[in-house]
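Visitor: Kindly return the folded structure for what I paste below:
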Amino acid sequence: MTHPPQSAAPPVAGPAVPAAPGIPAQPGRPSPAPSHAPQPPQGPHSRRTAFAEGAGRLRAAATTEPGRLRVIGAVLALLVVAFGAVTAWQSSERAAAADDVLHRSQPLSSGAADIYRSLADANTAASSGFLAGGQEPAATRDRYEKDISAAASGLVTAAANAEPGSASETTVARLNRLLPEYKGLVERARTYNRQGYPVGGAYLRYANEKMQTQMLPAAEDLYTKENARLDADYGDATPYPWAAIALGVLTLAGLGWAQRRDYRRTNRVLNRGLVAASSATVVALLWLTVGHTVARSELTGSYDHGIRSLTVLHDARIASLKARGNENLSLVARGAETITVGGKQYDTYYYDFDKDMAVLGKGLGRAERFADDSGGTAPVKAAEAGAALWKQRHTAARTEDENGDYQQALDKVIGARGTTGECFDGVDSDLARAIGHEQAEFQRAAARGRDAMTGLPAGAAALAVLGAAGALAGIGRRLSEYR
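Guide: I've put the predicted structure just below:
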């Protein structure tokens, strides 16, 4: 059966698609329906950074109690660790400075004073030997040689401890250059003196001038620099560690707030982890405060009753050595050196002797005031008595010299008995005893100050670790209740 052919269906008319400008519209083609779906934002900042997304998630987590607890635990642990780190750092610095005071700067300062004393005493021994004539006493010669050796040894130690390129290194190098020059002048003076030539006295005065105007000022400069280093080490060892103390108080406040918050939300009186963290922080803070207070007190005492006394005693001993040298040189020069002061003419060495004895008297008075026990006071009083007798005998010797009786004056200065030399030796010995006593006092006090901080850096670090672990454990206990 044959079906009639079917005709094609007429196209359904629809709205014409608007043609683009310049293009005719195509009839019968439907236009796309308008879309109301949101379009992604356009521009260079269309995507959030990983940091912003992380911060957003953190803010969202912090709105829940578990999130808040995690933040609190992290902050508390960070505070405890920071407190321990700062405590270890500051206490370690102060302990190192206290150790430098005891084993480095003070011994170097004392060594510089010994260099000065050895040089001054060598100069005194050289003049004493010259006065004895061609046959110099063996004891005087030995004393001179020992002083020169001690000064050379002290310069080696100072050079080994001086910082490269520092002013101290330059001063030590200068003294090392001047010392053999001085020795050469003294040897020439001795040689001519043994041969009976008057030029020997000129060489000795020239050697003394080199000592007084170049070597002793350089040694004094070295002593001043080493004292400045000692003061700097004291300045580093004694300040309170305020940063560590403030951070410890802040840490305790944070731990107390966390425990109060826990109590208000759970009615539990104690959180064992937070209590452990608080206990560790309290122990570290008390250790830091008490230990440093004791160290500061002992170090301050070692300075007030040790360093100050030692400085005054060293100055007094140096003044006595210079006075003895000038006393001897006044007889060597026999009035050849004069000085005019206030229109009046004086023998240079007698004038300097009077100045040195005035310095010695003031120094002994100050040393007696600084001495805090009989062991320090007794030798100073003995030195004062010896200095007074020395001045009496010196006046008698000077009178003989000014009256033209040179031999009588010489006998009163370097004779066998009742001489100014005996008084000088007694004063020097008494000052040496006083210095030894004050040195021991300093070492005991400084050692106690250093020992008061022993173990504090390591202990603070260990307590900080325990405290941080306790804080995290306490917060973790609360977090476990939400699982």
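Visitor: Point me to the helix or strand that includes the nearest residue to residue 306 once chain neighbours are set aside.
Guide: Using Cβ to Cβ, 6 or more residues apart in numbering and skipping residues adjacent in sequence, the residue nearest residue 306 is residue 442, 2.8 Å away. To be clear about C-beta, it is placed using only N, CA and C from the backbone, and glycine gets the same treatment. Element membership for residue 442 (DSSP states H and E) is helix 420-451.
Visitor: Give the other helices and strands that that helix contacts.
Guide: helix 65-100, helix 106-131, helix 272-302, helix 308-333, helix 374-402, helix 406-414 (3 or more Cβ pairs under 8 Å, 6 or more residues apart in numbering; DSSP states H and E).
Visitor: list the buried ones in it?
Guide: 420-424, 426-428, 430-431, 433-435, 437-439, 441-443, 445-451 (16 or more other Cβ atoms under 10 Å).
Visitor: so where's this protein uncertain?
Guide: Residues of the chain that meet the criterion pLDDT under 70 lie in 1-48, 54-55, 57-63, 134, 335-336, 483.
Visitor: Pick out the residue nearest the middle of it.
Guide: The chain has residue 233 as the residue nearest its centroid, 1.4 Å off, counting by Cα atoms, centre = their mean.
Visitor: show me the contacts for that residue.
Guide: Residue 233 makes contact with 97-98, 100-101, 104-105, according to Cβ atoms under 8 Å, 6 or more residues apart in numbering.
Visitor: Next: residue 327.
Guide: When contacts are counted by Cβ under 8 Å, 6+ apart, residue 327 touches 349, 353, 394, 397, 413, 420.
Visitor: Just give me the neighbour total for residue 368.
Guide: A count of neighbours around residue 368, defined by other Cβ atoms under 10 Å, yields 17.
Visitor: Quick check: which element contains the residue nearest to residue 126 when sequence neighbours are not counted?
Guide: Setting aside the residues directly before and after it, residue 126 is nearest to residue 186 in space (Cβ to Cβ, 6+ apart), at 4.9 Å. Using DSSP H and E, residue 186 sits in helix 167-194.
Visitor: for stretch 270-286, which positions count as buried?
Guide: 271, 273-274, 276-278, 280-282, 284-285.
Visitor: what does it rub up against?
Guide: 76, 80, 83-84, 87, 245, 248-249, 251-252, 255-256, 258-259, 262, 459-460, 463-464, 466-478.
Visitor: Tell me which entries of those lie within helices.
Guide: 76, 80, 83-84, 87, 245, 248-249, 251-252, 255-256, 258-259, 262, 459-460, 463-464, 466-478 (DSSP state H).
Visitor: how about residue 372, phi and psi?
Guide: Main-chain torsions, residue 372, degrees, to the nearest 10: phi -110, psi 10.
Visitor: Name all residues that make contact with the residue lying closest to it once chain neighbours are set aside.
Guide: For residue 372, ignoring the flanking residues on the chain, the nearest one in space by Cβ to Cβ, 6+ apart is residue 305 at 5.0 Å. By Cβ under 8 Å, 6+ apart, the contact set of residue 305 is 370, 372, 438, 441-442, 445.
Visitor: still on that earlier bit, report the angle between the helix holding residue 186 and helix 308-333.
Guide: Angle of helix 167-194 versus helix 308-333, following axes from the mean of the first three to the mean of the last three Cα atoms, to 10 degrees, is 30 degrees.
Visitor: Could you point out the helix or strand that follows helix 167-194?
Guide: helix 199-210.
Visitor: Residues contacting that following helix, please?
Guide: 123, 126-127, 130, 178, 181-182, 185-186, 188-193, 325, 329, 332-334, 336-337.
Visitor: In whichever helix or strand comes after that helix, which residues are buried?
Guide: Using DSSP H and E, the next helix or strand after helix 199-210 towards the C-terminus is helix 216-237. Buried residues in helix 216-237, counted by 16+ other Cβ under 10 Å: 216, 218-223, 225-227, 229-230, 233-234, 237.
Visitor: How about stretch 459-475?
Guide: 459-461, 463-464, 466-475.
Visitor: Export that stretch to PDB, keeping only CA atoms.
Guide: The C-alpha trace of stretch 459-475 is given here as PDB (Å, rounded to 0.1, in the frame of the first residue of the first chain):
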ATOM      1  CA  GLY A 459      68.200  25.500  84.400                       C
ATOM      2  CA  ALA A 460      66.100  28.200  82.900                       C
ATOM      3  CA  ALA A 461      66.000  26.400  79.600                       C
ATOM      4  CA  ALA A 462      65.000  23.100  81.100                       C
ATOM      5  CA  LEU A 463      62.300  24.700  83.200                       C
ATOM      6  CA  ALA A 464      61.000  26.500  80.100                       C
ATOM      7  CA  VAL A 465      60.700  23.200  78.300                       C
ATOM      8  CA  LEU A 466      58.900  21.600  81.200                       C
ATOM      9  CA  GLY A 467      56.600  24.600  81.500                       C
ATOM     10  CA  ALA A 468      55.700  24.600  77.900                       C
ATOM     11  CA  ALA A 469      55.000  20.900  78.000                       C
ATOM     12  CA  GLY A 470      52.800  21.400  81.100                       C
ATOM     13  CA  ALA A 471      50.800  24.200  79.400                       C
ATOM     14  CA  LEU A 472      50.200  22.100  76.300                       C
ATOM     15  CA  ALA A 473      49.200  19.100  78.400                       C
ATOM     16  CA  GLY A 474      46.800  21.200  80.400                       C
ATOM     17  CA  ILE A 475      45.100  22.600  77.400                       C
END
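Visitor: which outside residues touch that stretch?
Guide: Outside stretch 459-475, the residues that touch it by Cβ under 8 Å, 6+ apart are 69-70, 72-73, 76-77, 80-81, 83-85, 87-88, 91, 251, 255, 258, 262, 271-281, 283-284, 287-288.
Visitor: Please report how far residue 69 lies from residue 461.
Guide: From residue 69 across to residue 461, the span is 27 Å (Cβ to Cβ, to the nearest Å).
Visitor: any idea how far the closest residue to residue 453 other than its chain neighbours lies from residue 459?
Guide: In space, and not counting its chain neighbours, residue 453 is closest to residue 95: 4.2 Å by Cβ to Cβ, 6+ apart. In this view, residue 95 and residue 459 are 12 Å apart by Cβ to Cβ.
Visitor: Now which of the contacts of helix 199-210 would you call buried?
Guide: 123, 126-127, 130, 178, 182, 185-186, 188-190, 192-193, 325, 329, 332-333, 337.
Visitor: ok so the residue nearest to residue 372 is a helix residue?
Guide: Yes. Assignment of residue 305 by DSSP: H, G, I helix; E, B strand; the rest coil places it within a helix.
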